[in-house]
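S.K.: got a predicted structure plus its sequence, pasted below:
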Amino acid sequence: MIRHAFALVVMATPAFAQDTGLAAWNKIHEVFSHPRCAYCHVGPDNVPLVSLSESPANPRAHGMNINAGKSRVGSETVACNACHTPHNSPLPHGAPGAHVWALPPVEMQWFGKSSAEICAQVKDRARNGNRSIGDIADLVEHEGLVHYGWAPGPGREPAPYSATQLVEFIKQWDAAGAPCPAQ
Ligand code: HEC
Ligand code: HEC
């Protein structure tokens, strides 16, 4: 009887860590899939997408024939920083800004991907810029381009939580073995 109870406790521990880890991941995913992050983390098609519609389910193309190209900074056509300066425009629908303005490499696509797919990408050193999860937390803590998501200028909904909270969620997720959801 006692032995049986002991076995239950031992087996319950990893399941508990798994639950804590998945709960942390769900909050991370809420941020990563938000338009303020996902509109830059797009795939190889012409876009970046733009915030004319706040609904992630109904984004609008960037317009003005903007094509990020292979460079991801528009150097083949019109450079992103022709309009995107280091600072947000103070006007609604003016161009937002950060110290650099570039799309991430296509393999860091989050837009249109499932939670499980984003989770797998973030953990994959071949697709995440060869980073450990600790390095990902550092990037979120220090990178101005990421911080843009919480200070996106007038008329745009900021990403949920804060950079500091996101760093905490990433550390909790890592400590729990960085589990990914089934889908
Ligand atoms: C203006 C475009 C832009 C926006 C907006 C943006 N990112 Fe990124 N992000 C980038 C670029 C460019 C890189 C590639 C940096 C590198 O590898 O050095 C990147 C890489 C990353 C990475 C590391 C690679 C990976 O995908 O595993 C993380 C994590 C990240 N961004 C988080 C965020 C979060 C969180 C937000 C929203 C709060 C956000 N980003 C918004 C452009 C953007
Ligand atoms: C001709 C000016 C212009 C150029 C060039 C330009 N943009 Fe934009 N961009 C804008 C404006 C203006 C907005 C804001 C539109 C709005 O809020 O209605 C915007 C918004 C965005 C957004 C949405 C940000 C958010 O948080 O919703 C992204 C992403 C973006 N641009 C990426 C790029 C990239 C990448 C390039 C280069 C390949 C680029 N833009 C080139 C003018 C420009």
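M.R.: That came in fine, so what should we check first? Here the structure is a predicted model, which means the values were calculated and not measured. Ligands and ions are numbered 1, 2, ... in the order given.
S.K.: Gly177: neighbour count?
M.R.: 11 (other Cβ atoms under 10 Å). C-betas here are computed from N, CA, C, even on glycine.
S.K.: let's verify it: helix, strand, or coil?
M.R.: With DSSP: H, G, I helix; E, B strand; the rest coil as the basis, the three-state label of Gly177 is coil.
S.K.: what distance do you get for it to Phe16?
M.R.: From Gly177 across to Phe16, the span is 11 Å (Cβ to Cβ, to the nearest Å).
S.K.: Pro181 too?
M.R.: As judged by Cβ to Cβ, Pro181 and Phe16 stand 17 Å apart.
S.K.: which of those two has more neighbours?
M.R.: Using other Cβ under 10 Å, the more surrounded residue of Pro181 and Phe16 is Pro181, with 13 against 10.
S.K.: can you give me the distance of the residue most central in space within the chain to ligand 1?
M.R.: Closest residue to the average C-alpha location of the chain: Phe32 at 2.9 Å, with Cα atoms, centre = their mean. From Phe32 across to ligand 1, the span is 6 Å (Cβ to the nearest ligand atom, to the nearest Å).
S.K.: list phi and psi for Arg60.
M.R.: phi -110, psi 150 (degrees, to the nearest 10).
S.K.: least trustworthy helix or strand in this protein by mean pLDDT?
M.R.: helix 2-32 (a mean of 75; mean pLDDT, DSSP states H and E).
S.K.: return the residues in contact with the nearest residue to Tyr148 once chain neighbours are set aside.
M.R.: Counting by Cβ to Cβ, 6 or more residues apart in numbering, Tyr148 lies nearest to Ala98, which is 4.4 Å off, once chain neighbours are set aside. Taking Cβ atoms under 8 Å, 6 or more residues apart in numbering, we find Ala98 in contact with His84, Pro86, Gly144, Leu145, His147, Tyr148.
S.K.: do you know how far the residue lying closest to Cys37 once chain neighbours are set aside is from Arg60?
M.R.: For Cys37, ignoring the flanking residues on the chain, the nearest one in space by Cβ to Cβ, 6+ apart is Gly149 at 5.4 Å. Distance of Gly149 to Arg60, given as Cβ to Cβ: 19 Å.
S.K.: for stretch 45-65, measure first residue to last.
M.R.: 13 Å (Cα to Cα, to the nearest Å).
S.K.: no, scratch that, I was asking about stretch 94-113
M.R.: Start-to-end, stretch 94-113 (Cα to Cα) is 28 Å.
S.K.: equivalent analysis for stretch 74-94, please.
M.R.: 18 Å.
S.K.: buried set for it?
M.R.: Gly74, Cys80, Asn81, Cys83, His84, Asn88 (16 or more other Cβ atoms under 10 Å).
S.K.: farthest-separated two in the residues you listed?
M.R.: Of all pairs drawn from the buried residues of stretch 74-94, the greatest distance, 18.7 Å, lies between Gly74 and Asn88 (Cβ to Cβ).
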